[in-house]
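>>> give me the fold of what follows.
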Amino acid sequence: AVVSTQSTGDNEWSIAFMINGIRHLIFYDVKVNILQDALTQTRSFAKRPVVILNRQISIPGLNTAPGENAPAPAVSSAGIPTPTSRSPGSSLPSNSSSWSSTNSSVLGGANDGYVLEDKLECLFIQGFRQLHHLDPALLRHPEQAWEVKLEREGAQDAGGPFRESITQFCADIFSKELRLFIPCPNAKDEVGFNQDKYIPNPSATSPTALSYFEFIGKLMGVAIRTRNVLDFSLPSIIWKPLTKLRLDRTDLEAIDKQCCTYLDAIAGVNNKTDENENNYELNHETFGHLIFETFTTHSSDGRVVELKPKGSTIAVTWENRHEYIQLVEQYRLNEFSLQTNAMLRGLSTIIPISYLSIFTWQELELRVCGRPGVDLKLLKKHTRYCGVNASDRHIVYFWKVLESFTPEELTLFLRFVWGRSKLPSPSEFSAQFQIQSFTKEDSRFQEQTRGDEINRLRNDDPSRNRDELLPSSSLSSSISSSYPPPQSPQSRTRSRTQRSNSQNDQSQDHYLPEAHTCFFSLALPRYSTPEIMRQKLLYAI
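Predicted coordinates for the structure are as follows:
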């Protein structure tokens with residue numbers, strides 16, 4: 001039996017607290033099996049919800065610098081300006097995401113200026129409006145929680161558009177436009193660890209903003225159930241509350257090293273000489289000449305916060321410095337409690353939350369986010385060859401080219417072939433990456449014909465810009481998904497037996513690789529050189 005930590009995990013005498021203390025001693029596979037049994041018992045057998053997403057809305061020149069001439073904005077049928085944006089919270093381009101907003105925001109209360117819900121049209125908000133208010137039990141499906149229909153696109157969702165929607169939701173969540181998450185102070189100061197991590201915006205306290213965080217918690221639960229990991233980069237100060245673990249000073253230092261260093265200095269821990277051999281030791285006599293603080297601190301988003309009533313008028317002295325340090329640590333460690341509690345509420349509607357009490361925060365992060373980067377050894381281990389052999393020359397080229405890719409290019413490649421930005425953990429790797437033989441007769445993508453396709457789409461809809469129509473993981477996913485599944489290996493092999501490899505190598509250099517995100521498969525032409533292989537792959541992704 002698993003003991004719930006919802007109400008007794010903070011009491012040192014409780015069994016739940018004892019389990020919390022030994023959770024790191026329990027084998028991970030044992031925990032996964034226990035959780036999986038609970039997920040199976042609580043899964044949904046109802047029809048999947050259908051989510052209709054529109055990623056075609058755009059305003060060219062939204063990010064034009066001040067003083068530059070921007071093109072006139074496109075206007076939707078509802079008369080709302082519809083800009084295209086890049087997600088600054090992600091290294092991936094998000095040209096498939098759409099934004100429609102004014103200069104207002106949706107974070108805090110009426111005086112804080114975060115009230116933008118009715119005008120915001122990124123994919124995350126579109127998904128939130130259609131999914132958040134449903135019965136959460138409808139989202140407890142294994143493998144795929146909802147079905148995606150893309151407006152004005154011919155994709156049929158056999159898994160690919162669903163995974164792509166998850167990936168795009170993540171990009172929108174960490175965007176500067178939505179401002180739900182901000183870089184942690186270590187990232188701004190370029191010191192310490194976790195400079196790539198994001199933290200909730202502590203100003204995001206309005207009912208609308210907290211509803212977004214609750215929906216984010218539901219997405220975490222969906223990720224655990226469907227094994228479609230999220231591209232989240234969050235520090236321990238967020239993961240620990242989700243597993244009912246206590247926060248301590250190491251969690252604060254993990255996001256704001258300079259704050260902890262300064263508190264140590266005030267406490268007298270760092271009494272050292274500087275580079276000029278000047279001694280600045282703090283003591284009763286020198287404290288008032290070196291420290292000019294009041295009982296206030298800066299929040300992670302730069303606001304000045306009083307630590308006690310009229311704290312801005314109370315000076316920090318040698319005698320009360322430890323009280324000041326304690327209040328700063330207390331505030332900073334609980335700075336995101338409203339947001340993490342909302343995420344926990346959402347997570348608990350999808351996952352039996354008591355079962356998370358046996359996981360460490362690192363294991364929960366692994367379940368939700370997978371392993372960072374793209375592990376090529378893991379991908380190669382879970383690769384199946386259909387109509388080709390691992391020893392074929394172009395397959396050898398393929399793996400060497402992937403090894404030369406940057407982390408960003410590897411992420412784009414994974415989105416191209418699977419619609420997701422991270423690989424699952426080894427124990428959760430249920431699908432096999434399929435590399436299939438390629439035949440010209442079945443190909444729909446050639447460099448010349450791809451340009452013709454772009455021109456045809458632009459003629460059908462002149463408002464669509466070229467960046468939106470260029471081949472990308474999102475566009476390729478939707479186009480590929482609208483065609484029948486790839487042929488069987490036997491039929492492809494028969495069609496190729498009449499050609500020699502040398503003739504094929506030359507005749508296929510002008511074709512692009514084709515991905516089927518629903519089936520995690522890649523039809524790879526027999527390129528004649530590694531350079532051509534690299535060029536075509538980068539163009540396709």
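>>> hey, let's count contacts and neighbours off CA atoms from now on
OK.
>>> where in this structure is pLDDT low?
1-20, 57-120, 270-280, 440-506 (pLDDT under 70).
>>> for residue 159, give me its contacts.
144, 147, 517, 518, 519 (Cα atoms under 8 Å, 6 or more residues apart in numbering).
>>> could you redo the last one with a cut-off of 6 Å?
residue 518 (Cα atoms under 6 Å, 6 or more residues apart in numbering).
>>> with residue 513 instead?
523, 524.
>>> can you give me phi and psi for it?
phi -70, psi 150 (degrees, to the nearest 10).
>>> same deal with residue 420?
Torsion angles, degrees, to the nearest 10, at residue 420: phi -140, psi 160.
>>> could you measure it against residue 358, distance?
28 Å (Cα to Cα, to the nearest Å).
>>> do the same with residue 332
27 Å.
>>> can you pick out the residue with more neighbours from those two?
Neighbour tally, residue 332 and residue 358, criterion other Cα atoms under 10 Å: the higher count belongs to residue 358, 29 against 20.
>>> quick one: distance of stretch 248-265 to the chain centre.
26 Å (Cα atoms, centre = their mean, to the nearest Å).
>>> likewise for stretch 158-170?
That offset, for stretch 158-170, works out to 11 Å (Cα atoms, centre = their mean).
>>> next, the buried residues of that stretch.
158-170 (16 or more other Cα atoms under 10 Å).
>>> same deal with stretch 518-537?
518-528, 530, 533-534, 536-537.
>>> that one: end-to-end distance?
19 Å.
>>> list the contacts for residue 221?
Residue 221 neighbours (Cα under 6 Å, 6+ apart): 347, 350, 351.
>>> show me which residues of the helix or strand where it lies are buried.
Assigned by DSSP states H and E, residue 221 falls within helix 207-226. For helix 207-226, a neighbour-count test (16+ other Cα under 10 Å) marks 208-226 as buried.
>>> and what of stretch 323-331?
324, 325, 327, 328, 329, 330, 331.
>>> wasn't the last one part of a helix?
It stands for residue 331. Yes - applying DSSP: H, G, I helix; E, B strand; the rest coil, one finds residue 331 inside a helix.
>>> residue 52 sits in which helix or strand?
Going by DSSP H and E, residue 52 is in strand 50-53.
>>> tell me where this structure has strands.
50-53, 147-150, 181-183, 198-200, 296-298, 304-306, 383-386, 433-436, 514-516, 521-523 (DSSP state E).
>>> gap between the fourth one and the chain center?
Yep, that's strand 198-200 we're talking about. Centre to centre, stretch against its chain (Cα atoms, centre = their mean), the figure for strand 198-200 is 12 Å.
>>> again with the second one
For strand 147-150, the gap between its own C-alpha mean and the chain's C-alpha mean amounts to 20 Å (Cα atoms, centre = their mean).
>>> list the strands paired with that strand, with their directions.
strand 50-53 (parallel) (DSSP bridges).
>>> chain center to the strand it pairs with, what's the gap?
20 Å.
>>> and what of stretch 407-418?
The answer for stretch 407-418 is 14 Å, by Cα atoms, centre = their mean.
>>> give me the contacts around it.
By Cα under 6 Å, 6+ apart, the list of residues contacting stretch 407-418 reads 421, 473, 515, 517, 520, 541.
>>> need those residues in CSV (columns: distance to residue 302).
Shown next, in CSV, are the contacts of stretch 407-418 (distance: Cα to Cα, whole Å):
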residue, distance to residue 302
421, 31
473, 37
515, 45
517, 42
520, 44
541, 38
